[in-house]
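In: Provided below for reference: sequence and predicted model.
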Amino acid sequence: MPHAKTSSIKADDIQPIRRALISVSDKEGLIEFAAALNEAGVELVSTGGTAKAIKEAGLPVKDVADLTGFPEMMDGRVKTLHPMVHGGLLAVRDDEDHMSSMEVHGIPRIDLLAVNLYPFEETVAKGADYDTAIENIDIGGPAMIRAASKNHAYVTVLVDGTDYERVLGEITEHGGTTLKTRRALAHKAYARTAAYDAAISNWFANELEDDAPAYRALGGSLKQSLRYGENPHQKASFYVTGEKRPGVATAIQIQGKELSYNNINDTDAAFECVAEFDPETASAVAIIKHANPCGVATGGSLADAYRKALKCDPVSAFGGIIALNQTLDEETAEEIAKIFTEVIIAPDADEKARKIIGAKKNLRLLVTGGLPDPRAPGLFVKTVAGGFLAQNRDNGVIDDLDLKVVTKREPSAREMADLKFAFRVCKHVKSNAIIYAKDGATVGIGAGQMSRVDSARIAARKSEDAAKEAGEAEALTKGSVVASDAFFPFADGLLSAAEAGATAVIQPGGSMRDEEVIAAADEKGLAMVMTGMRHFRH
């Protein structure tokens, strides 16, 4: 029950700091912070490695065991879980009963707590085994943080070294901290423990292969405050979970202005798409606009792949995002620099390429150090009113599927290669998705339509437009193959593809009218392959 005697605190109420308990796994800034507190007359209390570091710096520090009267035990699992610590953190300073209890039991006040937690997220990200992960679950730290945060009317709590300077500034100016600062720090502290517990619970869910845990927690740390969201009237921020999947969240920005909400969303879509193509097998380029590919291609070089991808829809590519599956080189950089591009993301970029892109001051260049594994498991989350949907990442890869030819005619080797290429791309196009491809390049993309036949027609029309732009006499879809992200519910979508010039089809199958669709394909002389796997992307 809440304590009835707690008094209200004025917004400018200053709480002096006479004793600080410091226990940090991240020692960055520790000695400077401890030295400044000592200079301000604050008694330092610490634990384990933190106490050792402070002592080695020549600063006076009391071990927490001297405070509790108990030594650290059980490999350090038990050291701060004691009334001498939690009483000092939780006591309401202007409550007579609380103060009397402190006096009777000799509990000293703790006015400042600086704790950062065992590096559980980092440990798991490095691929630690089960027992190592368990040992990196902090118990005493979160307990103290929550206690100090609850009692923020009197106690200053720090979970982030970037806040040391703010607190020291207030101590210098006021002799203590303001309630406004203590409230802000308590808010950050609770958010930190929430994110920490979320990481642990989700790790357990993965270990137990529990796809629907009774409670699902989400957490992350702020990477970037964004200028606005999808639209200027929406506020937005970018948070990272600690997952080490190469991509926009882990990339180093070499140059260019700050990424926007839409930049981040589209860049993620681009890099996930291009990662479907093994860099050891072929160079690949994906050009993305509004989270949909407007051109994807493979080639003998990145420059070749880029030119082929651009040809699919050069109009939409203007102001787009470009993702590469190999190191950006000079020739490719020169090609990209010919039109306005928002972002380039690649595993790396050589010095000549960086110099070329450097001349485009607003063009962002991101390097990731690697490609995401399209087969890797993961969690995909989407909010809805009153909750959120959570599902496994779509990590289906066509090379792992049992492909079945269902028509009288089998696809040629060239057609099969293009069918596989098109189905890889189809996975990354909003539904209903239709992809025309030829010679390892998209030549027509229909995305996000309410009917599949409309997607087929739009893709064909865009192919005609691209052919005119390239000065070619017929649509690029002539002699192409076509991929559909889901089954054809009727033969009309298939017939539209045939009219556009497609000679072979790949689709999941599973429609009540599969036999009707297969018969239509046979009548048109098309080869058709069924994958048994759907790739809806809403």
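Out: The structure has been received and is ready for your questions.

In: where does pLDDT dip in the stretch 201-350 of the chain?
Out: Within the stretch 201-350 of the chain, no stretch falls below the threshold (pLDDT under 70).

In: gap between the nearest residue to residue 16 once chain neighbours are set aside and residue 188?
Out: Once flanking residues are discounted, residue 16 sits nearest to residue 176: 4.0 Å by Cβ to Cβ, 6 or more residues apart in numbering. In short, each C-beta sits where N, CA and C put it, glycine included. Applying Cβ to Cβ, to the nearest Å, the value for residue 176 to residue 188 is 19 Å.

In: do the same with residue 481
Out: Residue 481 is 53 Å from residue 188, by Cβ to Cβ.

In: tell me which of the two has more neighbours.
Out: residue 481 (31 against 18; other Cβ atoms under 10 Å).

In: need the contact list for that one.
Out: When contacts are counted by Cβ atoms under 8 Å, 6 or more residues apart in numbering, residue 481 is found next to 411, 415, 418-419, 422, 436-438, 502-506.

In: can you classify residue 265 as helix, strand or coil?
Out: When classified by DSSP: H, G, I helix; E, B strand; the rest coil, residue 265 comes out as helix.

In: for the nearest residue to it once chain neighbours are set aside, grab the count of nearby residues.
Out: Closest residue to residue 265 apart from its sequence neighbours, by Cβ to Cβ, 6+ apart: residue 291 at 6.0 Å. By other Cβ under 10 Å, the residues close to residue 291 number 20.

In: my guess is residue 291 meets residue 430, correct?
Out: Yes. Residue 291 lies in contact with residue 430 (Cβ atoms under 8 Å); the separation is 7.0 Å.

In: can you list the buried residues in the helix or strand hosting residue 97?
Out: Element membership of residue 97 [criterion: DSSP states H and E] is helix 96-105. By 16 or more other Cβ atoms under 10 Å, the buried positions in helix 96-105 come out as 98, 102.

In: C-terminal to it, what's the next element?
Out: strand 112-116.

In: ok, residue 83 to residue 18 distance?
Out: As for residue 83, its distance to residue 18 is 20 Å (criterion: Cβ to Cβ).

In: neighbour-wise, which of the two wins?
Out: Legend: neighbour count by other Cβ under 10 Å for residue 83 and residue 18, higher for residue 18 (16 against 12).

In: what about that one, distance to residue 189?
Out: Separation of residue 18 from residue 189 (Cβ to Cβ): 21 Å.

In: low-confidence stretches in this protein?
Out: 1-12, 69-71, 73-79.

In: the longest helix in it is where?
Out: The longest helix of the chain (DSSP state H) is helix 179-207.

In: show me what counts as buried in that one.
Out: Across helix 179-207, burial judged by 16+ other Cβ under 10 Å covers 179, 181-182, 185-186, 188-193, 195-196, 198-203, 205.

In: quickly find the element holding residue 353.
Out: Short version: residue 353 belongs to helix 351-358, going by DSSP H and E.

In: identify each buried residue in that helix, please.
Out: Under the neighbour-count criterion of 16+ other Cβ under 10 Å, helix 351-358 has 353-354, 356-357 buried.

In: possible to save these as TSV with distance to residue 121?
Out: Formatted as TSV, the buried residues of helix 351-358 follow (distance: Cβ to Cβ, whole Å):
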residue	distance to residue 121
353	33
354	31
356	37
357	32
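
In: return the member of those residues nearest to residue 345.
Out: Closest approach between the buried residues of helix 351-358 and residue 345, by Cβ to Cβ: residue 357, at 11.8 Å.

In: nearest spatial neighbour of that closest one, skipping sequence neighbours?
Out: Sequence neighbours aside, residue 365 is the residue nearest to residue 357 in space, at 5.0 Å (criterion: Cβ to Cβ, 6+ apart).

In: what's near enough to touch the one you found?
Out: Here residue 365 is in contact with 253-256, 328, 343-344, 349, 354, 357 (criterion: Cβ under 8 Å, 6+ apart).

In: can you name the two of the residues you listed that are farthest apart?
Out: Most distant of the contacts of residue 365, by Cβ to Cβ, are 343 and 354, 14.7 Å apart.

In: so how far is the one helix or strand residue 171 maps to from its chain's centroid?
Out: Using DSSP H and E, residue 171 falls within helix 164-174. Distance of helix 164-174 from the chain centroid (Cα atoms, centre = their mean, to the nearest Å) equals 34 Å.

In: list the buried ones in it?
Out: So, applying 16+ other Cβ under 10 Å, buried residues of helix 164-174: 164, 167-168, 170-171.

In: where do the strands sit along the stretch 401-538 of the chain?
Out: 404-405, 434-437, 442-446, 481-484, 504-507, 527-530 (DSSP state E, counting those that start in this stretch).

In: could I get these in a markdown table, plus columns for distance to residue 35?
Out: Output for these, formatted as a markdown table (distance: least, Cβ to Cβ, whole Å):
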| stretch | distance to residue 35 |
| --- | --- |
| strand 404-405 | 71 |
| strand 434-437 | 62 |
| strand 442-446 | 61 |
| strand 481-484 | 64 |
| strand 504-507 | 67 |
| strand 527-530 | 69 |
